[in-house]
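S.K.: prediction below, plus the sequence it came from.
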Amino acid sequence: MKALALREDRFLDVLRRLIALTPKLQNNPGAGLVPEERLAAQVVLDTLAPHIESGFIQAESVAGPGQASRPCLVLTVPGEGEGAIGFVGAHFDVVPADQKTEGWERSPFELWEGPGGVLYGRGVTDCLGHVAVLTDLLAQLAERKVRPSRTLKVVLISNEESSELPGLGLNYVAEQGMLKPLDGQPVYWLDSANFGPTLGTAGVSLWELKVTGVGGHSGMPQNCVNALELGMAASLELARFFHERFPPTEDEKRWGFLSSSSLKATVVEAPNTKETKVPADVVLRGDIRLTPFYDLAEVQKTVTDFMAELDARLERDDAPAHFPRTRTAGGKRGELAFRFQGEGTEGIACRLDSEGLRALKEAMQVVRGVSATPFSLTGSLPLVRDLQRQGCDVQITGFGDMQYYHAPNEQARLEDFRQGFAILRELLVRL
């Protein structure tokens, strides 16, 4: 086991093939981008085919009815002893990329190898580089017939970059009972960067605010309620309330969160395209990122109640002082209709006293020659809190450059993945 090291030719070949597929792996259904994760899964299966046929690796493709093009892969290497270890969370889908509008310096859909071992392309860090590392690790275990002490379960997932859908993603794998062998066992979630470890993540809840105003001629504002202005004012009032009501906590310092909880608008939709027409209808959407020290359901209720009261204030003509016009000269008023889109996803505070974290820090020290630098962030991961509730010792790490997550010019260094491979090897040695 100790002799294993990243086989760079295979890693780069797998990564190159995966990134070439990214035009069909982009995940944004609202923009018509529905990924076909089976294309990426097939690259992994083709690479591991001899070892699946030999029986050294057990492979299961998991997707619900009607979702055959969007599977997860569960890859199992039976161990020599009792217990299990999970490498979970690396995913096949990617965030959309547009070379022209986002300012990519070269094509995001081709792997480019630059000076100093730079690897460039959509998915290098998030998360196809992790998929390629795990593929090479499994292949090397099989080629050398090296079995870990514990049974190794590698779960590569679909639909990580979008909201939960029936029959898809890790939730569906869990519903089928395929994560049960990991109950009470160390589980390493491999979808982060900068090594860390990442000690915690935030919950996420998407929201929508529909604003109904009164449209009309911009030169007759007395007859109008500007839905765009009202929506902007309402979203800012909501953000002000949220940040006062849910401030930073002492536990955030202990876990090293880089940011506190936040609420913000991220999308504005208005059908109006004429500068001299006051818009009558606007939809704002956004998200809440909530550190795990607040209860997500309670926060959702508090926010919903606040927005209902804000709309009631408009009815009473008691809008906050800084608000724009909320009622026309003829008495028609603007309306606010707020809702959350689904239940949301909870965040996690990983155990700080666990065997899994100790092993991860030791592995990083051995491989990188420096002490681990733990941090937490308000990105969000699916199902991690549920796994923790099941008794799993969930820890989070990842390889690559965090500043390029979901960003143009995504890149990492080959050395990141050399070290990442070695860290995974050391975890198998220690556990």
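M.R.: Received it, and whenever you're ready, just let me know what you need.

S.K.: average pLDDT across stretch 108-128?
M.R.: The average pLDDT for stretch 108-128 rounds to 97.

S.K.: with stretch 131-147 instead?
M.R.: Stretch 131-147 comes out at a mean pLDDT of 98.

S.K.: likewise stretch 398-407?
M.R.: pLDDT averaged over stretch 398-407 gives 90.

S.K.: how long is that stretch end to end?
M.R.: End-to-end distance for stretch 398-407: 17 Å, by C-alpha to C-alpha, to the nearest Å.

S.K.: buried residues in that stretch?
M.R.: Within stretch 398-407, the residues scored as buried using 16 or more other C-beta atoms under 10 Å are 398-402, 404-405, 407. To be clear about C-beta, it is placed using only N, CA and C from the backbone, and glycine gets the same treatment.

S.K.: just the element for the nearest residue to L128 once chain neighbours are set aside, please.
M.R.: Leaving aside its sequence neighbours, L128 sits nearest to L18 (C-beta to C-beta, 6 or more residues apart in numbering; 4.4 Å). If you go by DSSP states H and E, L18 is part of helix 8-20.

S.K.: helices and strands around that helix, which ones?
M.R.: helix 37-53, helix 128-143, helix 414-430 (3 or more C-beta pairs under 8 Å, 6 or more residues apart in numbering; DSSP states H and E).

S.K.: state the next helix or strand along the chain beyond the second one.
M.R.: What that stands for is helix 128-143. Following helix 128-143 toward the C-terminus (DSSP H and E): strand 151-157.

S.K.: just put the buried residues of stretch 398-407 in CSV and tack on secondary structure and distance to A312.
M.R.: Below are the buried residues of stretch 398-407 laid out as CSV (DSSP: H, G, I helix; E, B strand; the rest coil; distance: C-beta to C-beta, whole Å):
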residue, secondary structure, distance to A312
G398, coil, 45
F399, coil, 50
G400, coil, 48
D401, coil, 47
M402, helix, 43
Y404, helix, 45
Y405, coil, 40
A407, coil, 41
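
S.K.: can you tell me which two in the residues you listed are farthest apart?
M.R.: The distance between the two most remote of those (C-beta to C-beta) is 16.6 Å, for F399 and A407.

S.K.: how about G347, what does it touch?
M.R.: 200-204, 290-292, 296, 378, 380, 384-385 (C-beta atoms under 8 Å, 6 or more residues apart in numbering).

S.K.: just E275 next, same as before
M.R.: By C-beta under 8 Å, 6+ apart, the neighbours of E275 are S218.

S.K.: that one looks like it's in a helix, true?
M.R.: No - counting by DSSP: H, G, I helix; E, B strand; the rest coil, E275 is not found in a helix; it is coil.

S.K.: from G216, how far off is it?
M.R.: Distance, E275 to G216, by C-beta to C-beta, to the nearest Å: 14 Å.

S.K.: just the helices and strands packed on helix 8-20: most buried one?
M.R.: Sort the helices and strands packed on helix 8-20 by mean neighbour count, taking mean count of other C-beta atoms under 10 Å, and helix 128-143 sits at the top with a mean of 24.
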